[in-house]
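> output the structure for:
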Amino acid sequence: MIDLSHLAVLPATDQPFTVLYQDEQLLVVSKPAKLLTVPGRHPANKDCLINRVQCEWPSATVVHRLDYDTSGIVLLPLTKRALSELSKQFQARTITKQYQAIVAGVVSAKSGEINLPITADQANRPLYKICRTTGKASLTQYRVLNRDSGAAQSRLLLTPVTGRSHQLRLHLLAIGHPILGDTLYGTPEAITAAERLLLHACHIRFSHPLSAQQIIVDAPADF
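Model prediction:
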């Protein structure tokens, strides 16, 4: 199948990003949903988080990304040293990121782990899929924050130990609890249950690239 993903136009929200933490080495911002982190391949997809940030901080660079539909915390280095040091932390998996999500169904366990390998779905790019033969090891930890039996929904705190593309969305779908508003992987009922993907990067902890001090930043979900 021919990959036509670069032809997709993703309209950028008018909602601005907010600065959560700032010093001479780095920024931590909260990205709104429906905004790319970096420019897309389609000419109409140039409006994105990093381009908006660089209007005020021209040296800002990208060390990790959030999906277009996902809101929340993004860490942006402002210097070459910060980029190098933070890249090493991401590679070593010493940076802790957590997300909140509202999923379909009442999750019975108080907490758990989802350990299922993920690979690109070559026949349906840009989607990914669970594959036990060619997939890369992928691990997600979860804890139930709230259950709503009446609405048949659960709010979860998610900690991705690995950082595969679409990992949280696929792992939750695999255990029968798709994220509400997930137009890529959700069931018809889950898609229509929310106007946006109910997935938000709410917490990050990392070592400052100069002082090595532990920096913790939180951004509550707006859903």
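> point out where this structure drops to low pLDDT.
1-7 (pLDDT under 70).
> care to break it down by domain?
Domain assignment of the chain by automatic domain parsing yields the ranges 5-92, 99-199.
> ok, longest helix in this protein?
For the chain, the helix that runs over the most residues, judged by DSSP state H, is helix 80-92.
> list of residues touching that one?
Residues outside helix 80-92 that contact it (C-beta atoms under 8 Å, 6 or more residues apart in numbering) are 25-26, 61, 63-64, 75, 77, 95, 163, 206-207, 209-210. Just so you know, the C-beta spots here come from the backbone N, C-alpha and C atoms, and that holds for glycine as well.
> helices of the chain, start to end?
49-54, 80-92, 167-174, 188-192.
> how about the ones you listed in TSV, adding mean neighbour count and distance to residue 199?
Below are the helices of the chain laid out as TSV (neighbours: other C-beta atoms under 10 Å; distance: least, C-beta to C-beta, whole Å):
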stretch	mean neighbour count	distance to residue 199
helix 49-54	18	16
helix 80-92	15	19
helix 167-174	23	6
helix 188-192	15	12
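> in TSV: these, plus distance to residue 222.
Compiled in TSV, those are given as follows (distance: least, C-beta to C-beta, whole Å):
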stretch	distance to residue 222
helix 49-54	17
helix 80-92	26
helix 167-174	18
helix 188-192	19
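> what's the closest of these to residue 126?
Across these, residue 126 has its closest neighbour in helix 167-174 (12.5 Å, C-beta to C-beta).
> what would the domains of the chain look like in TSV with distance to residue 216?
Putting these into TSV (distance: least, C-beta to C-beta, whole Å) gives the following:
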stretch	distance to residue 216
domain 5-92	9
domain 99-199	14
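> closest one to residue 214 among those domains?
Closest among those, once you apply C-beta to C-beta, is domain 5-92, at 11.4 Å.
> quick check: the residue of the chain most remote from its centre vs residue 106, distance?
Distance from the centre of the chain peaks at residue 150, with 27.9 Å (C-alpha atoms, centre = their mean). With distances taken as C-beta to C-beta, to the nearest Å, residue 150 is found 10 Å from residue 106.
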